[in-house]
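Student: From the sequence below, what's the structure:
(2 chains)
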Amino acid sequence: MFKLMLQKMWHKRWMTLSLLVGCVLLVATAISFPLYQKAAYDRMLQDEFHKNISEEGRFPTVLSMATIFKKDESGMLQQMETFMDSVYGQLGASKEQTVFYYILQKTPLYSDMNREDAGDIGVALSGITDFENHINIINGECFSETGKNEQGAIEVLVCEDCFIEEGLLLGETLTYEAVSDAQGNPIQIVIKGVFRLPEDDLFWQEGTDKIRHRAYMNINLFRQMFTGENTGNYTIDCRQYAFMDYQKIVFEDVKNIVAKTKYFYEESEYKNILEKPQYMDTMEQYLRKINRISATLLILQVPVMVMLCAFLLMISGQMYEMERNEISVIKSRGSYRSQIFRLYLYQGLVLSLTGGGLGTLLGVLFSKMLSSTRNFLEIEPTLSLEVVFTQKAVVYAVGAMLLTLLSITLPAIKHSRVSIVDVKRQKATMKKSLWKKLYLDVILIGISVYGYYSFHKNMINLSMNVLQGESLDPLLYISSSLFILGCGLLFLRIQPMLVLLIYKLGKRFWKSASYISFLENMRNAGKQQLIMLFLIMTVSLGIYHATVARTILSNAIENTQYLNGSEIVIKEAWPKNLLTDEYMEPDYTKYMTLPAANLCTKVLYDDAGYVSFKQSERQIVTVMGIHTKEFGMVTQIPAGLLEKPYYEYLNELAKAADGVIASSNFQTRYGYKVGDTIRFRNEEGAESYGRIVDFVDYWPGYTPKMSVTDPDGSIKEQDNFLLVAHYEVLKQDFGIYPYEVWIDLKEEYTEADFLQWVEENHMMVSKYANREANLRNTMEDPLLQGTNGILTLGFMVTILLCAIGYLIYWIMAIRERELMFGVLRACGFHKGELVHMLINEQIFCGVFSVLAGIGIGSLSSKLFVPILQQAYASENQVLPMKLITNAADMYRLYGVIAAVMLLALSILIMILFKMNVTKALKLGEE
Amino acid sequence: MNDILIKIEDISRVFPVPGGEFTALKNINATVQKGSFTILKGRSGSGKTTLMNIVGCLDYPTKGKIIIGDKDVSALSERERENLRRKKFGFVFQSVSLMPSLNAYQNVEFSLRLAGKKVDADTQKRVRECLKLVGLSNRMTHMPAELSGGEQQRVAIARAIAHRPDVIFADEPTAELDSAMAANVTQLFKAMAEKEGITVLMTTHDVGLMDAADSIIELENGERINV
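Tutor: As a prediction, this is how the structure comes out:
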């Protein structure tokens, strides 16, 4: 049996190879998704942690517990410590370290040196785990191992601020008179050293404001003296911090960490002393985000998977078709149905196992490709992520292999039933397809049009839902896919009528080659349906997906560029002169010599200015002060966004010394007109005024509408107001007031060059935005990148399938008709006429399908992309969405399709020319 | 009736086979009278189909000449041979050779189209006439798959004669038919030769059909055995 199977497979090696390609692609596509997910989500999680670190300056994954002890009779402290050490296991995270903070209640401290300021010293005695490894001693030394000096005073370290502000001296001994040790002697401390906090040390859980009121002693000594049996005498503020190693946390861990942590602070016996950790918000938000991404990406993958299964079904169906005669002969010789079925089952097993092996390898490559997609059909290997094989991927691989096995073997059930009589009988009859009888095409279009209208009506709600973290409604995407499928089927229904019409129109004029191809096409319409549908789906999904990908990414990029204003925006820290309460302007001249800059310009940007109205009503306004000419040179606005060209607005402002450009909501909300004078203040209340010269809907960096989350969690839109005036005017009215510097970089310079310059100049930066970096973040957003990757991959896979399917269909179609061609040649048909006939058939089948695909793809893009892109709108989407089709994508698509069809045609012509008339005629005699 | 239409002069055909050559025909000489019904007789493998293919311009001889009328057809270009086949020849094959996607009428009409005839009232009349001649007037709109083997072969004959060829080449047209049907088809060929003045060259190994022939060319192992 096995030998027979291998023989059979070798005999039809091209078909077998195609099936194998299908299996490999199916497995690879299926596992590439979880592999990519894993890599992208892990990166995303680390990004979140790093963002957290840079924003908060603290270790991102700390669980903390705090309580104040007066008595520790029940050994509570010990219990807490044990619990804290057990949380790592329960959370499923690795332990970085557990840190204890013990702080003795603050009591007056007196210097033994009888200093005048004695009694004012407010420092609390404290012990911290691993303290000595997180300080830089700048004076003196660390406490000794015993923690006491020879006189029995406790050795302590204080921070530099404390040392200076409290006026302490190194080696000075001080006494807490209200606190005594177990023997009843007052506690004495000696200043052993002064420390500074190392930069960027995430260890510290207390701010410098607290640290400067502490005297740190050896923690072991602290325990010995003040806890355990001795606790009764002291009030201890005790805090415990569990540091989880955030770098080892992967996306699979997050769910458990969130659930367990929630249990800890809401239900466990420690709920009263456990604080809700800061990482909960980060992680919960992260979970919402990845759920949304997963759902969206999964839906996008469905059409590709469906097409892969359809491909396998089609090819295996074709293969059985070829083998029908053999099967019926084997059966007529007494083979059991089950034997025949087993033959196909073994074949399916061999194919899906081989496919599983090769597909896994290819899947790794695919997922690397997914993570290095820059844009639709653009791959940049440097973006690639590390791929780790996960359990989930194994499950997907096995699932995909089962699917391939089913797709290959299912048709065998039907075919193992045939008898020799059926074969003969079926040749004589022509059946109408089931879908035609059921009007599936009309039904599908009906459903999708209904979907379209209901989504179209709810478009605003849709984007709100998305902002609240809901995933893309699967029905929406399915609607568009159904629409494409329905239209494709409808076209299949129409196509024979179309061919008939053309045939009828020129019935008298058709030369014999055209004549026969018309009749052949009309007669074989049923057989061609599947391959035509494949072609239509490939082209229309290709166009649709290209449009989706381009639109989403272009809009996101344009939006990022717009929001960033210029290439670099930097604001230095402006210290205030404490005496005059005036700002001190950092040196601006350094910008004039900044080698990396094409141009720098000062931009006063105050997003907390306001305009006052009569009834003490205030409207918060963003006030901008610009140098019109320079500003125009460092900023751009996408064409078509404003009513007039951007520079005209700048010119209008430039011409009026007291001019102001206002956001158009001043006009619609408050009824301002051009020429009106408007008074406004900056955040600190300084007033200025100007005459409105024009209104704008958009301005570089300006967000007209903002989504704000209410305390109850609902999201609503809020108007933002903008006033743009001359910088010089504002400077006069506001005095010295902080400004930003907007910079246009020279092409040969990178962000790194600029940052180096910032460092060299020892600048204190309070705001920094870089367009390139933001763009990169936008493009690496797993939702966008995953979408682009999956659509690109899906497109390539479908094209490949389409090419193979198309070739196989036509080669089979020729082989089947070899006798007919032989007869035609015998009757004097020229080879040229045969070619003509083939070209006609390719036009009726291929070109018609491609044209239909183009039409359907464009139509569905127009209808569904505007709704679909809502799912990708980020909370900071400002610019109106534009439907983007990239001509190059379309040419690529058409180019590939044309190449496939030409290849098919040339292979067919080659087969025809090789065909020997007398041999072909012999075929019929067997 | 005594004009010679086809002269077969010293025809040999050698096929290359793995490890050598196979001589299918050896120095065949024969003539076929215009308007005659000639049978090429021989067992299977005797070379009769090879000879028929060479005479019918489907194959080239390795040696020798075929003269039809006054033309050496073996020296014609491929295009000229194709034109000869579509205008002057008609073919009937052993197996069913109808276009599966054309009905009986369209199959017959197709040979008229091939011969370059305009599709008009005349051609329509001719198609009906031919189908009537083969006794299938009432099955014109049937598809080949809906006809029996004998009926299909008769449509093929109608197709072969529709464009009024000079010669009909029929290669074992009766092989797949029962003996009654075979006799029937053979009679049809004979009638054709007599009525339409078409020369018919038919191969067969069925000895029962020989009586109908005006002349017989008999082959054995690639050589002519009756002179």
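Student: Kindly provide the distance from the nearest residue to residue A:532 once chain neighbours are set aside to residue A:524.
Tutor: Leaving aside its sequence neighbours, residue A:532 sits nearest to residue A:849 (Cβ to Cβ, 6 or more residues apart in numbering or on different chains; 4.5 Å). The C-beta positions use only the backbone N, C-alpha and C, and glycine is treated the same way. From residue A:849 across to residue A:524, the span is 14 Å (Cβ to Cβ, to the nearest Å).
Student: mind listing what's buried in the helix or strand of chain B with the lowest mean pLDDT?
Tutor: Ranked by mean pLDDT, DSSP states H and E, the helix or strand of chain B with the weakest confidence is helix B:179-196, at a mean of 84. Using 16 or more other Cβ atoms under 10 Å in any protein chain shown as the test for burial, helix B:179-196 gives B:181, B:182, B:183, B:184, B:185, B:186, B:188, B:189, B:190, B:192, B:193.
Student: hang on, the earlier thing: of residue A:849 and residue A:524, which one has the most company?
Tutor: residue A:849 (29 against 20; other Cβ atoms under 10 Å in any protein chain shown).
Student: a helix runs through that one, doesn't it?
Tutor: Yes - judged by DSSP: H, G, I helix; E, B strand; the rest coil, residue A:849 forms part of a helix.
Student: and the residue nearest to residue A:532, what does it touch?
Tutor: With contacts taken as Cβ atoms under 8 Å, 6 or more residues apart in numbering or on different chains, residue A:849 has the following neighbours: A:491, A:532, A:533, A:535, A:536, A:539.
Student: Name the residues that touch stretch A:378-385?
Tutor: Under Cβ under 8 Å, 6+ apart, the answer for stretch A:378-385 is A:36, A:39-40, A:43, A:368-369, A:371-374, A:780, A:785, A:792.
Student: Which two among those are spaced furthest apart?
Tutor: A:43 and A:792 (19.2 Å; Cβ to Cβ).
Student: Sketch out the low-pLDDT regions of chain B for me.
Tutor: B:1-2, B:96, B:227 (pLDDT under 70).
Student: Any residues of it in contact with chain A? List them.
Tutor: B:53, B:56, B:58-59, B:79, B:82-87, B:89, B:91, B:93-97, B:99-102, B:106, B:110-111, B:113-114, B:118-119, B:145-146, B:171, B:175 (Cβ under 8 Å from any Cβ of the partner chain).
Student: mind giving me the domain split of chain A?
Tutor: A:1-58+A:286-427, A:60-277, A:574-763 (automatic domain parsing).
Student: now the strands for the stretch 701-850 of chain A?
Tutor: Ranges of strands in the stretch 701-850 of chain A, per DSSP state E, counting those that start in this stretch, are A:705-709, A:715-719, A:722-726, A:740-745, A:765-770.
Student: and the angle for the second one with strand A:705-709?
Tutor: Relative orientation of strand A:715-719 with respect to strand A:705-709: 140 degrees, computed using axes from the mean of the first three to the mean of the last three Cα atoms, to 10 degrees.
Student: For strand A:715-719, enumerate the helices and strands it packs against.
Tutor: Where contact means 3 or more Cβ pairs under 8 Å, 6 or more residues apart in numbering or on different chains; DSSP states H and E, strand A:715-719 is packed against strand A:705-709.
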